[in-house]
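Enquirer: Next input, structure requested:
(one chain, ligands or ions: 1)
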Amino acid sequence: MNNIIVIGSTGQIGSELTMILRKIYSGGTVVAGYIPGAEPRGALLESGPAEVADVRDARQLAAIVDKYHIDTIYNLAALLSAVAERKPLMAWDIQMNGLLNILEIAREKGCAVFTPSSIGSFGPETPHMNTPQDTIQRPTSMYGVTKVATELLSNYYHSKYGLDTRSVRFPGLISYTTLPGGGTTDYAVDIYYAAVRGEEFVCPIAAGTYMDMMYMPDALRAAIEIMEADPARLKHRNAFNIASMSFDPEILACAVRKEIPGFRMRYEVDPVRQAIADSWPDKMDDSCARQEWGWAPQYDLAAMTSDMILNLKKKLFSL
Ligand code: SER
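Expert: Predicted coordinates:
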């Protein structure tokens, strides 16, 4: 990787990934791609070039790839699961037509492509405990449908055209920098904001609902390490299960209470998000990622909780 574009650079993952890539690949160019209405600001804007990059506009993307001699595309444009249920056609347009544009440009210009997959690529018939790398994937949400199709299309471009496509299946991602927005796993971020503000948290996911989750520093490392991995070792490509922790709202609330003893939570279950959560794995088996490219998470629930609360206090109260 040398010259990189991050499409969706102002989103939950992109806002942090772009900054880290700029640090690591300081000899090259890391372009912050964004859509109008989600302009980069502050350090993201000041630390490197930014371009309007709408995945639905192939001509615009091709021009950026040419202008900056891009060799790697991080395609993070997506509607998350709950929003995608409200806007299924738009989710399809961004996630599928957008992906096709990117893969075609990458094929023409020889770029590597990372398009994240997700725990959302699994469905109710998938084994929920220790979900294997290769297993049944019949998701019931539009988000999941696009994620499975993303995996298949990305693998197709690799086997048919030799395109260097690689990816991971992200768990719910937890971070204090940029809010996710519209996902089923967002509760695990929102809970920290409520706790640090001293507010009661109203949880939209029922007690006993286990899902894989991951702290953002581990997720960012995964996105970079998979693209840097020795291709000769990769038996899989799109996309690897990666895991670090699995919990339900009760376990998360207990972890928060260890840091903020008076924290209160009650439940108002959102049926749309609950149905999605019920169809997803409780806990994925990530042994293929560990074997094929040395994946290893660094944060567990306790370490993440301390770090989240410390940083949210700084962010919300400028301590
Ligand atoms: N975090 C995503 C969501 O909840 C899943 O990948 O939609």
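
Enquirer: Please, where are all the strands along the stretch 151-300 of the chain?
Expert: Under the criterion DSSP state E, counting those that start in this stretch, the stretch 151-300 of the chain contains strands at 165-166, 168-170, 172-174, 201-203, 211-215, 240-241, 245-247, 265-267, 283-284.

Enquirer: Secondary structure of Ile74: a strand, I assume?
Expert: Rather than Ile, residue 74 is Tyr. Yes. Under DSSP: H, G, I helix; E, B strand; the rest coil, Tyr74 sits within a strand.

Enquirer: Could you give the bridge partners of it?
Expert: Beta-bridge partners recorded for Tyr74 (DSSP bridges): Val6, Phe114.

Enquirer: wouldn't it be in contact with Glu16 here?
Expert: No. The pair Tyr74 / Glu16 is not scored as a contact, 11.7 Å apart, by Cβ atoms under 8 Å. The C-beta positions use only the backbone N, C-alpha and C, and glycine is treated the same way.

Enquirer: near the ligand, which residues of this structure show up?
Expert: Leu80, Ser81, Ser118, Ile119, Gly120, Tyr143, Phe170, Gly172, Gly183, Thr184, Thr185 (Cβ under 6 Å from any ligand atom).

Enquirer: Ser141 is in contact with the fifth one, correct?
Expert: Yes. With contacts counted by Cβ under 8 Å, Gly120 reaches Ser141, the gap being 6.4 Å.

Enquirer: Settle it for me: which of these two has more neighbours?
Expert: Gly120 (29 against 24; other Cβ atoms under 10 Å).

Enquirer: List phi and psi for that one.
Expert: Torsion angles at Gly120 (phi, psi; degrees, to the nearest 10) stand at phi -70, psi -10.

Enquirer: Return the residues in contact with it.
Expert: Ser81, Pro139, Ser141, Tyr143, Gly144, Lys147, Thr184, Ile276, Trp280 (Cβ atoms under 8 Å, 6 or more residues apart in numbering).

Enquirer: Among those, name the buried ones.
Expert: Ser81, Pro139, Ser141, Tyr143, Gly144, Lys147, Thr184, Ile276, Trp280 (16 or more other Cβ atoms under 10 Å).

Enquirer: what's the closest of these to Ala239?
Expert: Nearest to Ala239 among the buried ones among the contacts of Gly120 is Lys147, at 8.3 Å by Cβ to Cβ.

Enquirer: SS state for the closest one?
Expert: Lys147 - assigned by three-state DSSP - is helix.

Enquirer: Pretty sure it sits against Ser118.
Expert: Yes. Using Cβ under 8 Å, Lys147 is in contact with Ser118, at 5.1 Å.

Enquirer: overlap in contacts of the two?
Expert: With Cβ under 8 Å, 6+ apart as the test, Lys147 and Ser118 both reach Arg169.

Enquirer: Now the helix or strand of the chain with the lowest mean pLDDT - C-alpha only, PDB.
Expert: Least confident element among the helices and strands of the chain, by mean pLDDT, DSSP states H and E: helix 81-86 (a mean of 94). Written as PDB, here are the backbone C-alpha positions of helix 81-86 (Å, rounded to 0.1, in the frame of the first residue of the first chain):
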ATOM      1  CA  SER A  81     -28.300  -2.800   9.300                       C
ATOM      2  CA  ALA A  82     -31.300  -0.900  10.900                       C
ATOM      3  CA  VAL A  83     -31.100   2.000   8.400                       C
ATOM      4  CA  ALA A  84     -30.800  -0.500   5.500                       C
ATOM      5  CA  GLU A  85     -34.100  -2.000   6.600                       C
ATOM      6  CA  ARG A  86     -35.700   1.400   6.300                       C
END
